[in-house]
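**Student:** from the sequence below, what's the structure:
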Amino acid sequence: LFTRNHRKNLGVTRAFRITQRREPWRFGHHYMSRFASVFLLIAVCSLFAEALWHDPLKTLNALKKVPFFGSGPSSCTSHPVPVPLTAAALSQLQPALAKADAAVNAAFTKSGVPGIAVGIVYNQTLLWSKGYGVTNLVNQSAPTPDSNTLYRIGSLSKIFADLATLQLRDRGMIELDDPIAKYVDFSMQNPWPLEKGITFRQLGSHMAGIPRSSPCNAIIGMCNFTTDDMFARFAAEAYIQPPNIQPSYSNAGFALLGHTLEAVVGEPYADYVVANVLKPLGMTSSGFDYTPDVVARMATGYINSLPNAPAPLYDLGWEAPAGQMYSSVTDLAKLASFMFSVDVTPYDTLDQATPAGPDVVNRTSLREGMLPTWVNDQGNAGFGLPWEMYNGGNFWLLTKGGDVLGYTASFVTVPAAKLAFIALVSSDAVDPTQFNTAALNVFLPAFEAVLAELQPAPTLPSYASELVAVYKGDVDPFTPIANVTLNSQTGVLHLDLTVIAPFGLVPYLSADLSYDPVRQLFMTNAPAGTCQDNQAGGAVQYVNFVRNSDGVWTVSVPGLLWVTMTQSP
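**Tutor:** Residues are numbered from 1 along each chain as shown. You can find the predicted model right below:
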């Protein structure tokens, strides 16, 4: 049984070709009758309960049920810029939140799981959260789930491994493209001998070609080997594909990443993440150790095959970096808010733009972690560090799912809207993305409509009228001419850039200008219908206005025309 399913799972991430799968360790109704004896349940759990199953394809299929999800945009799409919500706007959103509540409740009732906790985050605020069902099927006095109830989050733990990796790069202790063999004595059988050693970036994005699970027998309490022991076991195993070919989802890869970081910092991986990532983010209800105080706050997880069988809170041992953690909706909302601090919109204040967790990672690194390291041929799905990414046609979604014996979790973000949807479930019987999808379906359209009404009129600096003029440069034998005009009705500045060449006039650029008051700079607006050009970085340009020492304005368009043009009298 193990061998057959293990063999099947070796190809699970081959460009999303497999339609259904479970971790080879996970005990579920696919493998055993629900009438199995308790003794047999425990025995089989011992064999299969490492349970770090996570299925990106199921997430993709679930997200396809969202109305805006498609194969990709057929034309350019634009969205309202995230802005602070007024009291009136919050009031307008209440019907949409009520519909989201009803939709999630209907999905919960249909699912039959014991309990869930869900939340919607906008920018720096947990906009809405609610619990459904119970935290314990037996204890009638157990509290109803809420945003502070703790759940195991399985593979959502991988997010924090990558944040720690980016942080150590920022601190100058590693480089993402360093081979890990520079820091640890690691090797595997390599059928591709010309390939250099695997790197931090490859491990953190499932691109290293490492097998899905670690060679530690996948038995409860039996993955507690030392790193030296595990490296000896890996040395007898082979890569399943060359690095950077395509994703191969790997819990073993993240375990290896975590223990390599451990060697770099010289302290236990979990201790480092708690002190340097979770604590700065304010995630004080998240961690790795299931102490009595933690267990008292947890929802009891239940095994799919026997609905009334509580799942053991077993330790993943050496594979802990891949899926050991617990958290709550409130804490994961802080993670989402940290992610949304990466981009400063023209309507954010500098205070709002400050990352929620000082000294976690800098904005450049956070952006890097949110970029895809691989995109499939259809352009509708990809992998990042460690995000599973999906093109919703109108939105690019960054998601992460988790599944550990008795629990599932789903974290879906819409970065362009600074929205996140969180679902934590005390059962491994369902795909938790369905609860986020239910909320997305009804909330996102209404949210965009409200946000559109809040869009401020274009702003210009107080000196904007002084910029209206003709500017001239001199680069023999060429003469660049810039003409800046101001539309009195729309209040928009427009730039026409032409070069007078010996052979005639050469139109260079014609575009409206937008002003970013936070960065205090002008940018050209992408002309309508230039979506692909804009995505390739060709339609938006920085326009630099500077008053020289004589008090005369100059203009340049760095990168497009490296000439400074001076305002004509």
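**Student:** would you mark the buried spots in the longest helix anywhere in the chain?
**Tutor:** As assigned by DSSP state H, the longest helix anywhere in the chain is helix 87-111. Residues 92-93, 96-97, 99-101, 103-105, 107-108, 111 are the ones in helix 87-111 that count as buried (16 or more other C-beta atoms under 10 Å). Where you see a C-beta, it was placed from the backbone N, CA and C, and this is true even at glycine.
**Student:** am I right that residue 512 is in contact with residue 494?
**Tutor:** Yes - using C-beta atoms under 8 Å, residue 512 is in contact with residue 494, at 5.3 Å.
**Student:** so how far is the strand of greatest length in the chain off the chain centroid?
**Tutor:** Using DSSP state E to define each element, the chain has its longest strand at strand 504-516. Offset of strand 504-516 from its chain centre (C-alpha atoms, centre = their mean, to the nearest Å): 35 Å.
**Student:** sheet-wise, list the partners of that strand with their directions.
**Tutor:** Sheet pairing for strand 504-516, assigned by DSSP bridges, gives strand 492-501 (antiparallel), strand 521-524 (antiparallel).
**Student:** redo these as a markdown table? Include mean neighbour count.
**Tutor:** Listed next are the strands paired with strand 504-516 as a markdown table, based on neighbours: other C-beta atoms under 10 Å:
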| stretch | mean neighbour count |
| --- | --- |
| strand 492-501 | 18 |
| strand 521-524 | 18 |
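**Student:** mean pLDDT for those: which is lowest?
**Tutor:** Lowest mean pLDDT within the strands paired with strand 504-516: strand 521-524, at a mean of 81.
**Student:** contacts for that one, please.
**Tutor:** With C-beta atoms under 8 Å, 6 or more residues apart in numbering as the test, strand 521-524 has contacts from 493, 495, 509, 511-516, 539-545.
**Student:** where does this structure dip in pLDDT?
**Tutor:** For the chain, the stretches with pLDDT under 70 are 1-77, 194, 217-222, 305, 307, 343-358, 393, 518-519, 526-539.
**Student:** give me the most central residue, it.
**Tutor:** Centroid-nearest residue in the chain: residue 398, 4.0 Å away (criterion: C-alpha atoms, centre = their mean).
**Student:** and the gap between that residue and residue 565?
**Tutor:** 41 Å (C-beta to C-beta, to the nearest Å).
**Student:** and what of residue 185?
**Tutor:** Counting by C-beta to C-beta - residue 185 and residue 565 are separated by 60 Å.
**Student:** of the two, which one has the most company?
**Tutor:** residue 565 (22 against 12; other C-beta atoms under 10 Å).
**Student:** go ahead and confirm that one touches residue 554.
**Tutor:** Yes - if you go by C-beta under 8 Å, residue 565 and residue 554 touch, sitting 6.4 Å apart.
**Student:** what is in contact with the two at once?
**Tutor:** With C-beta under 8 Å, 6+ apart as the test, residue 565 and residue 554 both reach residue 471.
**Student:** quick one on the thing from earlier: name only those of the contacts of strand 521-524 that count as buried.
**Tutor:** 493, 495, 509, 511-515, 539, 541, 543, 545.
**Student:** neighbours of residue 239, just the number please.
**Tutor:** 18.
**Student:** leaving out chain neighbours, which residue sits closest to it?
**Tutor:** Excluding its sequence neighbours, the residue lying closest to residue 239 (C-beta to C-beta, 6 or more residues apart in numbering) is residue 209, at 4.3 Å.
**Student:** give me phi/psi at the one you found?
**Tutor:** Torsion angles at residue 209 (phi, psi; degrees, to the nearest 10) stand at phi 80, psi 20.
**Student:** what's the answer for residue 565, then?
**Tutor:** phi -110, psi 140.
**Student:** so it versus residue 507, what's the distance?
**Tutor:** For residue 565 relative to residue 507 (C-beta to C-beta), the value is 15 Å.
**Student:** can you check residue 388 too?
**Tutor:** Distance from residue 388 to residue 507, by C-beta to C-beta: 44 Å.
**Student:** could you check which of the two is surrounded by more residues?
**Tutor:** Neighbours per residue, other C-beta under 10 Å: of residue 388 and residue 507, the larger number sits with residue 388, 28 against 9.
**Student:** just checking, the more buried one touches residue 396?
**Tutor:** No - using C-beta under 8 Å, residue 388 is not in contact with residue 396, being 11.8 Å away.
**Student:** what's the spacing between residue 175 and residue 264?
**Tutor:** 11 Å.
**Student:** who has more neighbours out of these two?
**Tutor:** residue 264 (21 against 13).
**Student:** in a helix, that one, correct?
**Tutor:** Yes - read with DSSP: H, G, I helix; E, B strand; the rest coil, residue 264 is one of the residues of a helix.
**Student:** residues contacting it?
**Tutor:** By C-beta under 8 Å, 6+ apart, the neighbours of residue 264 are 168, 173-174, 183.
**Student:** which of those has the largest number of neighbours?
**Tutor:** Neighbour-wise, the contacts of residue 264 (other C-beta under 10 Å) top out at residue 174, 22 neighbours.
**Student:** ok so that one is a strand residue?
**Tutor:** No - counting by three-state DSSP, one finds residue 174 to be coil, located in no strand.
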